[in-house]
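Chemist: compute the structure for the input listed below.
(chains A and B)
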There are 2 protein chains.
Amino acid sequence: MRYACSGGKRLRAFLVLEGARLHDVPLDPALDAAAAIEAIHAYSLVHDDLPSMDDDDLRRGLPTVHVKWNEATGILVGDALQSHAFALLAGANLDGSRRLALIADLARCAGGQGMVLGQALDIAAETADAPLSLDQIKRLQAHKTGALFGWSATAGAVMADADAAPLSAYANALGLAFQIADDILDVEGDEAQTGKRVQKDSQAGKATFVSLMGLEAARTAAQRLVEEACDALRPYGTGAENLRQAARFVISRQG
Amino acid sequence: MRYACSGGKRLRAFLVLEGARLHDVPLDPALDAAAAIEAIHAYSLVHDDLPSMDDDDLRRGLPTVHVKWNEATGILVGDALQSHAFALLAGANLDGSRRLALIADLARCAGGQGMVLGQALDIAAETADAPLSLDQIKRLQAHKTGALFGWSATAGAVMADADAAPLSAYANALGLAFQIADDILDVEGDEAQTGKRVQKDSQAGKATFVSLMGLEAARTAAQRLVEEACDALRPYGTGAENLRQAARFVISRQG
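Modeler: Next comes the predicted model:
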């Protein structure tokens, strides 16, 4: 399982490919969908790293795009990646109605009611008078990272025109576990392994799952969510074993 | 003709609606396509106005998004508008194959081989050792503004699955005339009428159609391009009269 060596990277593509395999979707369109979600994810990282957003200089162990090139290039690279995602889906070797379903879902999950809303809530939180509550952080994360996890995990079912509810439940629990694990890594992680700056959130005094729940309770919650995610996969039997391993990996990863 | 009062604004929506009318496309999906191209155009303006791009503080007579709110909001608003454009097209009341054709075309025209490439060429020109040649400026503009003009003018034909070649030729000539007129307005225009800062390009010593051709030759070239654009509409007879008027308006506008 190659994803196991690559930290949180390419996890969304992995979810697409496993969901497609569970539904006997041919590899060719599955790869287009996997590439599309990685294009959206990469665009969001490049924009998120910009000086006026998170102002990060390190990503995946390399200088961020605006550091390596310049800020305008960072903005344009993100913009082009978003267009590219929709081009990939529009050209996938799939029935037209399935392509349109993927495109409509992705536009919704990535847009102003999805990921971009999550980013805006995150930025608003930085200048808010009081730190966010646990419910507010859950809402923020459900948009910021959860929406695209949901798209990724359900894309295979959408491509096959099958019931996506179990994979959607899996993704909801997985996304939240992933984010709690991210907050734990921000406190405990190592820059060489995560490939990005750590302790940014804790040093900035931002409310995180760890600051609100405490480290041990956060670990327990993440563990419970992983079990929940695995339980949601019951309809797929042993065929979903890779997805179960991915869920367990999400909370044990070091990067 | 309402567009005649609104300067260059909403010109792309007007092209979509007129192209749709020429092909008897129902108003409902035509409006979705018109709104989609305006969303893409608005996103490009909001990002283009950012400090690391053109650094503009005035747009359509109002403070730009990052001036009114902040830079992060400007980035996110643009990102959400791009997603929204694809959501509108995916949900349009049209045959699926026509929706997919619009989406694939828009992703290509807006993306890294279209508008974004034009923006990147424009930024590269600012730090180049020598000013651009006329051919280089034509190439830059064909991407930066021409690609979306082309999408707008041909969307009606695409929605009707009809030959888009005459409207494509119209758009090519119109796009170039529009850009020459823009360079003339940058020299001669008035901020109250254009709703944006003028003389930015000329003061920055940027090569423009006016700086390379001279004012009179630029005027003549724009006039000839408008005639070319009108000639391309011959197959549509008098039905295309609004599009001809729009072409003439493009070089006579004050804003």
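
Chemist: which parts of the stretch 51-200 of chain A sit against chain B?
Modeler: Applying the criterion CB under 8 Å from any CB of the partner chain, the portion of the stretch 51-200 of chain A that neighbours chain B consists of A:52-53, A:70-73, A:75-76, A:78-84, A:86-87, A:90-91, A:96-97, A:99-100, A:103-104, A:106-108, A:110-112, A:114, A:116-117, A:119-120, A:123. All C-beta spots, glycine's among them, are computed from the backbone N, C-alpha and C.

Chemist: among the residues you listed, name the ones in helices.
Modeler: When those are checked against helices using DSSP state H, the ones located there are A:71-73, A:75-76, A:78-84, A:86-87, A:90, A:96-97, A:99-100, A:103-104, A:106-108, A:110, A:116-117, A:119-120, A:123.

Chemist: now a ChimeraX select for only the buried ones of those.
Modeler: Here the buried members of those are turned into a ChimeraX selection, burial being counted by 16 or more other CB atoms under 10 Å in any protein chain shown:
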select /A:71,72,73,75,76,78,79,80,81,82,83,84,86,87,90,96,99,100,103,104,106,107,108,110,116,117,119,120,123
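
Chemist: residue A:250 and residue A:165, how far apart?
Modeler: Shown here: residue A:250 relative to residue A:165, a distance of 21 Å by CB to CB, to the nearest Å.

Chemist: mind checking which of the two has more residues around it?
Modeler: Neighbour comparison, residue A:250 and residue A:165: the larger count goes to residue A:250, with 22 against 12 (by other CB atoms under 10 Å in any protein chain shown).

Chemist: tell me which element that one is part of?
Modeler: Counting by DSSP states H and E, the element that carries residue A:250 is helix A:241-252.

Chemist: output the contacting helices and strands for that helix.
Modeler: Using 3 or more CB pairs under 8 Å, 6 or more residues apart in numbering or on different chains; DSSP states H and E as the contact criterion, the neighbours of helix A:241-252 among helices and strands are helix A:11-22, helix A:165-188, helix A:215-232.

Chemist: report all helices and strands that the last one contacts.
Modeler: It refers to helix A:215-232. Packing partners of helix A:215-232 (3+ CB pairs under 8 Å, 6+ apart): helix A:165-188, helix A:209-213, helix A:241-252.

Chemist: try it again at 6 Å.
Modeler: Under the contact criterion of 3 or more CB pairs under 6 Å, 6 or more residues apart in numbering or on different chains; DSSP states H and E, the helices and strands touching helix A:215-232 comprise helix A:165-188, helix A:241-252.

Chemist: got JSON lines for those helices, with distance to residue A:63 and mean pLDDT too?
Modeler: Putting the helices and strands packed on helix A:215-232 into JSON lines (distance: least, CB to CB, whole Å; pLDDT from 0 to 100) gives the following:
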{"stretch": "helix A:165-188", "distance to residue A:63": "20", "mean pLDDT": "94"}
{"stretch": "helix A:241-252", "distance to residue A:63": "27", "mean pLDDT": "94"}
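
Chemist: pick the most deeply packed of those helices.
Modeler: Neighbour counts (mean count of other CB atoms under 10 Å in any protein chain shown) averaged over each of those peak at helix A:165-188, with a mean of 22.

Chemist: by contact count, what packs against that helix?
Modeler: With contacts defined as 3+ CB pairs under 6 Å, 6+ apart, helix A:165-188 has these neighbours: helix A:147-159, helix A:209-213, helix A:215-232, helix A:241-252.

Chemist: would you put the C-alpha positions of it in PDB?
Modeler: Listed in PDB are the C-alpha atoms of helix A:165-188, where the atom choice follows Å, rounded to 0.1, in the frame of the first residue of the first chain:
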ATOM      1  CA  ALA A 165     -24.200   6.600   1.900                       C
ATOM      2  CA  PRO A 166     -21.700   4.100   3.600                       C
ATOM      3  CA  LEU A 167     -18.700   5.800   2.100                       C
ATOM      4  CA  SER A 168     -20.100   9.200   3.000                       C
ATOM      5  CA  ALA A 169     -20.400   8.100   6.600                       C
ATOM      6  CA  TYR A 170     -16.900   6.700   6.500                       C
ATOM      7  CA  ALA A 171     -15.500  10.000   5.100                       C
ATOM      8  CA  ASN A 172     -17.300  12.100   7.700                       C
ATOM      9  CA  ALA A 173     -15.700  10.200  10.600                       C
ATOM     10  CA  LEU A 174     -12.300   9.900   8.700                       C
ATOM     11  CA  GLY A 175     -12.200  13.600   8.000                       C
ATOM     12  CA  LEU A 176     -12.700  14.600  11.600                       C
ATOM     13  CA  ALA A 177     -10.200  12.000  12.800                       C
ATOM     14  CA  PHE A 178      -7.700  13.300  10.300                       C
ATOM     15  CA  GLN A 179      -8.100  16.800  11.500                       C
ATOM     16  CA  ILE A 180      -7.700  15.900  15.200                       C
ATOM     17  CA  ALA A 181      -4.600  13.900  14.200                       C
ATOM     18  CA  ASP A 182      -3.300  17.000  12.400                       C
ATOM     19  CA  ASP A 183      -3.700  19.100  15.500                       C
ATOM     20  CA  ILE A 184      -1.900  16.400  17.500                       C
ATOM     21  CA  LEU A 185       0.900  16.400  14.900                       C
ATOM     22  CA  ASP A 186       1.100  20.200  15.100                       C
ATOM     23  CA  VAL A 187       1.900  19.800  18.800                       C
ATOM     24  CA  GLU A 188       4.000  16.600  18.700                       C
END
